[in-house]
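> Can you look at this prediction? I've put the sequence above it.
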Amino acid sequence: MNILIKDINIVNESNIITRNILIKNDIIEIISKNDIDISSINNVTIINGTEKYAFPGIIDEHVHFREPGLTNKADIYSESKAAIAGGVTSIMDMPNVKPQTTTLKDLNAKIKIAEQNSFTNFSFYIGVTKDNINEIKNINPKTVCGIKLFMGSSTGNMLINNINYLNLIFKESPVLIVTHCEDDDIIINNTKKYKKIFGDDIPFIYHPKIRTDEACYKSSALAIDLAKKHNTRLHILHITSEKEIKLFRNDIKTSDKKITAEVCVNHLWFDEHDFDKLGSKIKCNPAIKSESDKQALLNAVKNNYIDTIATDHAPHLLEEKNNKYLKAPSGIPVIQHSLLMMLEFYHQKKLSLEQIVDKMSHKPAEIFNINKRGFLKKGYFADITIVDLNNKTKITSDNILYKCKWSPMEGYLFKSKITHTIVNGNIVYDNGIFNENFKGKPLTFNR
């Protein structure tokens, strides 16, 4: 497909400039302030970009699409379609499915599913278990985004808290390690304390009092100590508290950091006061915490202590979420609306468009060394999200695309609209219409 996007405001590398973009096949061929001659090019689709904005396609490094094995909740087809409607063009999916993605064989099986069913580009993490160090050593750094290490909040053999094995993982991993950091002993003791008071019906407002900032800080500090000891490339997921922010640096460029941090949209948007209205719908791990923590996280984004914004998109059926506290699973479906949520911060003058693009497109590409994505540049893959900042989007049950069919954002009126999502030079989403003839590609990495 050949595409000409005319007179659009490009948000790229800390600048906003009006340009014309010519896409030939899957590549950005020309970006020019002058008119582009297309007389010699056959079958060019023209998009009028006047008063709209072009972002590099959003890269979400942290999703749970639930396939294989948990497809009653979600699958790669449904959730990648929701992602595309939200302007997300590339995803990295987590290993806690059935069977767990802890071998190269299981990894390749997921890739085959995604090649057939994913609208987005994709990569998959391999999970760390107590006995798969040889699988980890044999990872191809050019095709695997990273390994996922649960240092808390997991079950079975993917919860790793033995210090000797942790040292081995940090020493031997050939790729970036991403970590879920919570101290299980603190959480277990707090759960016992509140169960003694409330029984099985603990109010959801106590979730951040059980999964506390201290539990997060203690585990994150351990991960950082291990990374420094072994000179390991570490990316800590879903930072939730002001206390943790002090562990990170902002005095060097992200590309020079060995230790980086992610925040999820849930922890920037919600705080503990929202449990009164939404209850289990915003129960996630680590917990959504205080209003002051939320403000500290936003400041950390703006001041570059936190490097990326992702979703931790994690669907569950509503009937599961409607259980009492101890039985209600943790996780929030959010990827369809994550960019719209951050654009609300732009309208509220809390984040600039350049900051949103930096944290949701540029920095994920830099941190994971993704090949030719995450920027609007000549010769890069044409992954582009087009946004109308003057056209509203109302979230209703009819336009929620998740397989679980619910969202904590239902009823919200956003001030922006995602009009087009282009993946590898193909218009996959156009004002609510999907072209299902095109599928995403495996991400590759410059390592």
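Received, thanks.

> Domain boundaries for this protein, per the record?
The record's domain split for the chain, according to automatic domain parsing, is 2-54+376-403+413-434, 57-367.

> what ranges of the stretch 151-300 of the chain fall below the confidence cut-off?
153-156 (pLDDT under 70).

> For the stretch 101-250 of the chain, just list every one of the strands.
For the stretch 101-250 of the chain, strands defined by DSSP state E, counting those that start in this stretch occupy the ranges 121-124, 126-127, 147-150, 177-180, 234-236.

> can I get these in CSV with mean neighbour count and distance to L413?
Heads up, the C-betas are built off the backbone N, CA and C, glycines and all. Below are the strands of the stretch 101-250 of the chain laid out as CSV (neighbours: other C-beta atoms under 10 Å; distance: least, C-beta to C-beta, whole Å):
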stretch, mean neighbour count, distance to L413
strand 121-124, 26, 30
strand 126-127, 26, 39
strand 147-150, 24, 36
strand 177-180, 25, 33
strand 234-236, 25, 34
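
> Tell me which of these lies nearest to I370.
Across the strands of the stretch 101-250 of the chain, I370 has its closest neighbour in strand 121-124 (8.4 Å, C-beta to C-beta).

> closest one to N446 among the domains of the chain?
Nearest of the domains of the chain (C-beta to C-beta): domain 57-367, 7.8 Å.

> can you give me the end-to-end distance of that closest one?
With C-alpha to C-alpha, to the nearest Å as the measure, domain 57-367 spans 16 Å from end to end.

> right, and the domains of the chain - which one's nearest T444?
domain 57-367 (5.8 Å).

> Would you check that C404 makes contact with T71?
No: using C-beta atoms under 8 Å, C404 is not in contact with T71, being 11.2 Å away.

> In the chain, where's the longest helix?
helix 213-230 (DSSP state H).

> to the chain's geometric centre, what's the distance from it?
Here helix 213-230 shows a centroid-to-chain-centroid distance of 21 Å under the convention C-alpha atoms, centre = their mean, to the nearest Å.

> Over to stretch 321-329?
24 Å.

> next one: stretch 92-109
Chain-centre distance of stretch 92-109: 18 Å, with C-alpha atoms, centre = their mean.

> Next: stretch 432-447.
16 Å.

> Over to stretch 417-428?
18 Å.

> Ok, stretch 370-386 next?
17 Å.

> so for it, what's the average pLDDT?
For stretch 370-386, mean pLDDT is 98.

> For the closest residue to T50 other than its chain neighbours, grab the count of nearby residues.
In this structure, T50 finds its nearest non-sequential neighbour in D7, 5.0 Å apart by C-beta to C-beta, 6 or more residues apart in numbering. D7 has 16 neighbours, counted by other C-beta atoms under 10 Å.

> repeat for the one 10 residues further on
In terms of burial, I17 registers 11 neighbours under the definition other C-beta under 10 Å.

> just to revisit the earlier point, redo the strands of the stretch 101-250 of the chain as a markdown table? Include distance to S361.
Output for the strands of the stretch 101-250 of the chain, formatted as a markdown table (distance: least, C-beta to C-beta, whole Å):
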| stretch | distance to S361 |
| --- | --- |
| strand 121-124 | 13 |
| strand 126-127 | 25 |
| strand 147-150 | 22 |
| strand 177-180 | 18 |
| strand 234-236 | 16 |
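
> Tell me which of those lies nearest to S397.
Going by C-beta to C-beta, the one of the strands of the stretch 101-250 of the chain nearest S397 is strand 121-124, 27.6 Å.

> got a list of contacts for that closest one?
76, 80, 89-93, 95, 101, 107, 110-111, 114, 143-145, 373, 383, 423-424, 440-443, 445 (C-beta atoms under 8 Å, 6 or more residues apart in numbering).

> Now, of the residues you listed, which are buried?
76, 80, 89-93, 95, 101, 107, 110-111, 114, 143-145, 373, 383, 423-424, 440-441, 443, 445 (16 or more other C-beta atoms under 10 Å).

> Give me the common contacts of C404 and T71.
With contacts taken as C-beta under 8 Å, 6+ apart, C404 and T71 have no neighbour in common.

> Neighbour count: those two, which is higher?
Ranked by neighbour count (other C-beta under 10 Å), C404 and T71 place C404 first, with 22 against 16.

> which residues in the stretch 1-150 of the chain form helices?
76-85, 104-117, 133-137 (DSSP state H, counting those that start in this stretch).

> Dump the ones you listed to JSON lines, plus distance to K283.
Listed next are the helices of the stretch 1-150 of the chain as JSON lines, based on distance: least, C-beta to C-beta, whole Å:
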{"stretch": "helix 76-85", "distance to K283": "19"}
{"stretch": "helix 104-117", "distance to K283": "27"}
{"stretch": "helix 133-137", "distance to K283": "31"}
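
> Ranking those by mean neighbour count, which comes first?
Comparing the helices of the stretch 1-150 of the chain by mean neighbour count (mean count of other C-beta atoms under 10 Å), helix 76-85 ranks first with a mean of 26.
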